[in-house]
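In: Fold the following.
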Amino acid sequence: MKELKCNNCGGTDITIKGNGLFVCGYCGVTFTQDQIDKMETRKHSSIAEEDSLHLEKQIKNGETWLRLGENRKAREVFEKTVNDYPMDYRGWYGLAKSHICDGREPEGNALRNFILTAPDEILSFIEGRLIEKQREEERKRNEEKRKKEEEIRRKIEEEAKKRERQKKIDDIKRQEAQRLVEEDNKIRKRNLVMVFVVISVLILIVFAYTHNQHPELFEWLFPKEKGVTVNKNLSTNTVKPEMVRVRKGSFQMGTSHYNTEGDSDEKPAHTVTFTYDYSIGKYEVTMREFDAFCLATGKTKPSDNGWGRNTRPVINVTWWDAIQYCNWLSEQEGYKKAYDSRGNLLDRYGRGTTDIRQVEGYRLPTEAEWEYAARGGSYFTGNNFSGSNVVDMVAWYRNNAGNTTHPAGEKRENELEIHDMSGNVNEWCHDWRDSGYYSEGAQTNPIGPQSGTTRVVRGGSWNDNSKSCRSAFRNGFDPVSGNSVLGFRCARTL
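Out: So this is what the prediction gives:
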């Protein structure tokens, strides 16, 4: 069966569009199903017209061959005509003429007589064959139409499935894109948090370094309120000193050989280890605290050089005065005294000892204890002075003291919150002084040499230069000396 022709351009490339419509592949015109059915009807009518024209053409061809004397060719044409159009009598008569003209008169006459005298049964048989043929053609047309409809339905279903698959693919792609966006947002947030943390840490490091190297900037940025004293406890009437606990540990005592500022008796630097905790005065012993001792014992009060008493550090006291104050303070608080009459250490049973851990009462700090506390104990940050690398931040000394002592606690504290371990007054220590003592190397719980002529003093004073206020600087005085640059603070084994 011939293909449908487009009503617009005559093209035969008509295909289904996928939504129940049909489109011409040449001109793009669309058709509905009803329009396609009408085109099918017109096509069948056209086929019938073509068949009629074909019949007329075959009859004319057969007659032409008879006139030309080509009887055999004429017979072939009429045989085909009879076969294609059995109910048309002209085909049969033409076939009979071809037999007669070819010298086959008996066959031709018999065929002609048969046509003229054919019974109704024969004619009905021929007509039935013709009808059957027409039905067969109709069945073929219907089958072809059914196949086309089935093909159209199949294509529609395939298009629907294809759209469904494409929709699922699009959904998957959209979900994947959304997941990637969410993952990217999470990564960005995580990176922002990391950047924030890193920047915060860097800022803290810069602040810490700046505070360590240039603390005067922070004093300028965050000035203390005028008239507020750092040591509020000094305003009370108690004679009990405020103490700071120092945890046991190890440190490098002295100055390295490569440090050109350090004196020879500060070298070599060596490891000192403490296996015990101890406490040390947060402030130097004040005039008021020492005056209470003098009043209780009948001792003459030391001179204040006209600078004032109260919370200024006590001055003009000897090493012996200092240990007498320590023994008196121990008795006031119910501890066993730390010293005998010759300045030797006593344990909790009153027996002489060289083990500082066995001493119960108040005493002077050993030189090693003093330097460990001055450096901030386990919180040491590398400062040359006690609490800073800038001497003016933590010490009263020759350049800023104005030739006098100052009330305890006015300068900034060190890492252990201890005040005035650099400057104001030199502080007596327990140890005998020996300039070569450091050469003995690493020590554990040292108390200094067994004998000597001078006792160690540490910290520098209002009358010293900045070098003498370093935590590693060593000095010594005769234990019976007392002057305006000498004071002390207490310590006790815990």
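In: what's the single longest helix in this protein?
Out: With residue count as the measure and DSSP state H as the assignment, the chain has helix 120-213 as its longest helix.
In: That helix - contacts with which helices or strands?
Out: Of the remaining helices and strands, those touching helix 120-213 by 3 or more CB pairs under 8 Å, 6 or more residues apart in numbering; DSSP states H and E are strand 14-16, helix 215-221. Any C-beta I mention is one placed from the backbone N, CA and C, and that applies to glycine too.
In: Pull up the gap between the closest residue to S264 other than its chain neighbours and Y349, please.
Out: Nearest-residue entry for S264: S435, 7.3 Å, with adjacent residues in sequence omitted and distances by CB to CB, 6 or more residues apart in numbering. Using CB to CB, to the nearest Å, one gets 35 Å for the distance from S435 to Y349.
In: swap in S461?
Out: Computed as CB to CB, the S461 to Y349 distance reads 38 Å.
In: Looking at these two, which one has more neighbours?
Out: Comparing S461 with Y349 by other CB atoms under 10 Å, the one with more neighbours is S461, at 28 against 9.
In: Contacts only, for that one.
Out: 397, 423-426, 468, 485-486 (CB atoms under 8 Å, 6 or more residues apart in numbering).
In: shouldn't F22 be in contact with C6?
Out: No: with contact defined as CB atoms under 8 Å, F22 does not count as touching C6 (9.7 Å).
In: which neighbours do those two share?
Out: With contacts defined as CB under 8 Å, 6+ apart, the residues shared by F22 and C6 are I14.
In: how near is T255 to Y438?
Out: Between T255 and Y438 the computed distance is 9 Å (CB to CB).
In: who touches both of the two?
Out: With contacts taken as CB under 8 Å, 6+ apart, T255 and Y438 have 266-267, 269 as neighbours in common.
In: Looking at neighbours, which among these is most surrounded?
Out: Neighbour-wise, the shared contacts of T255 and Y438 (other CB under 10 Å) top out at E266, 20 neighbours.
In: on that earlier part again, lowest average pLDDT across the helices and strands packed on helix 120-213?
Out: Among the helices and strands packed on helix 120-213, helix 215-221 carries the lowest mean pLDDT, a mean of 54.
In: downstream neighbour of that helix in the secondary structure list?
Out: Beyond helix 215-221 on the C-terminal side, the first helix or strand identified by DSSP states H and E is strand 243-246.
In: and that following strand, what other elements does it pack with?
Out: strand 278-281, helix 367-374.
In: Relative to R165, tell me which of these wins on proximity.
Out: In this view, the helices and strands packed on strand 243-246 are compared for proximity to R165 by CB to CB, and helix 367-374 is the closest at 80.2 Å.
In: Let me see the mean pLDDT of the next helix-or-strand element following the closest one.
Out: The C-terminal neighbour of helix 367-374 among helices and strands, as given by DSSP H and E, is helix 391-394. This predicted structure assigns helix 391-394 an average pLDDT of 95.
In: How about residues contacting helix 391-394?
Out: Counting by CB under 8 Å, 6+ apart, 215-216, 219, 385-388, 397, 399-400, 411-414, 422-423, 466, 469 sit against helix 391-394.
In: out of those, which are buried?
Out: Buried residues within those, defined by neighbour count using 16 or more other CB atoms under 10 Å: 215, 385-388, 397, 411-414, 422-423, 466, 469.
In: possible to save the residues you listed as TSV with distance to Y325?
Out: Compiled in TSV, these are given as follows (distance: CB to CB, whole Å):
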residue	distance to Y325
P215	33
F385	27
S386	23
G387	26
S388	29
Y397	25
K411	23
R412	27
E413	23
N414	24
S422	23
G423	22
S466	29
C469	24
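In: Find the residue at the geometric middle of this protein.
Out: By CA atoms, centre = their mean, the chain has its centre lying nearest to R190, at 3.5 Å.
In: From S466, how far out is it?
Out: When CB to CB is applied, the distance between R190 and S466 equals 50 Å.
In: Same question for E242.
Out: Distance of E242 to S466, computed by CB to CB: 27 Å.
In: these two touch, right, N305 and S484?
Out: Yes: with contact taken as CB under 8 Å, N305 and S484 are classed as touching, separated by 5.3 Å.
In: Between those two, which is the more surrounded one?
Out: More crowded of N305 and S484, by other CB under 10 Å: S484, with 19 against 14.
In: name the element that one belongs to?
Out: Using DSSP H and E, no element contains S484; it sits outside every helix and strand.
In: where does it land on pLDDT?
Out: pLDDT, S484: 95.
In: Quick check: the two most widely separated of the buried ones among the contacts of helix 391-394?
Out: Spanning the widest gap among the buried ones among the contacts of helix 391-394 are E413 and S466, at 18.6 Å by CB to CB.
In: before we move on, the earlier item: off-centre distance for the longest helix of the chain?
Out: Computed by CA atoms, centre = their mean, to the nearest Å, the chain-centroid distance of helix 120-213 equals 37 Å.
In: what's the longest strand along the chain packed up against?
Out: Secondary structure assigned by DSSP state E gives strand 426-432 as the longest strand of the chain. Other elements packing on strand 426-432 under the criterion 3+ CB pairs under 8 Å, 6+ apart are helix 367-374, strand 455-458, strand 475-477, strand 486-487.
In: For E284, find the nearest of the ones you listed.
Out: Each of those was checked against E284 via CB to CB, and the shortest separation belongs to strand 486-487, namely 5.1 Å.
In: Can you give the contact residues for the helix or strand that that closest one is followed by?
Out: Toward the C-terminal end, the helix or strand that comes next after strand 486-487 (DSSP H and E) is strand 491-493. Strand 491-493 is contacted from outside by 243, 276, 278-281, 335, 338, 356-366, 369, using CB under 8 Å, 6+ apart.
In: Drop anything exposed from those.
Out: Neighbour counting with 16+ other CB under 10 Å marks 243, 278-281, 335, 338, 356, 359-366, 369 as buried within the contacts of strand 491-493.
In: quick one: least confident helix or strand in the chain?
Out: Taking mean pLDDT, DSSP states H and E as the measure, helix 215-221 is the helix or strand of the chain with the lowest mean score, a mean of 54.
In: Look at G308 and give its secondary structure.
Out: Under DSSP: H, G, I helix; E, B strand; the rest coil, the three-state class of G308 is coil.
In: Could I get the contacting residues of it?
Out: Residues in contact with G308, defined by CB under 8 Å, 6+ apart, are M287.
In: let's see it at 7 Å
Out: By CB atoms under 7 Å, 6 or more residues apart in numbering, G308 lies in contact with nothing.
In: Show the pLDDT at it.
Out: Per the predicted model, pLDDT is 94 at G308.
In: Also the one 10 residues further on?
Out: According to the model's per-residue confidence, T318 sits at a pLDDT of 97.
In: repeat for V206
Out: Here the pLDDT value assigned to V206 is 82.
In: Report the separation between it and I199.
Out: Using CB to CB, one gets 10 Å for the distance from V206 to I199.
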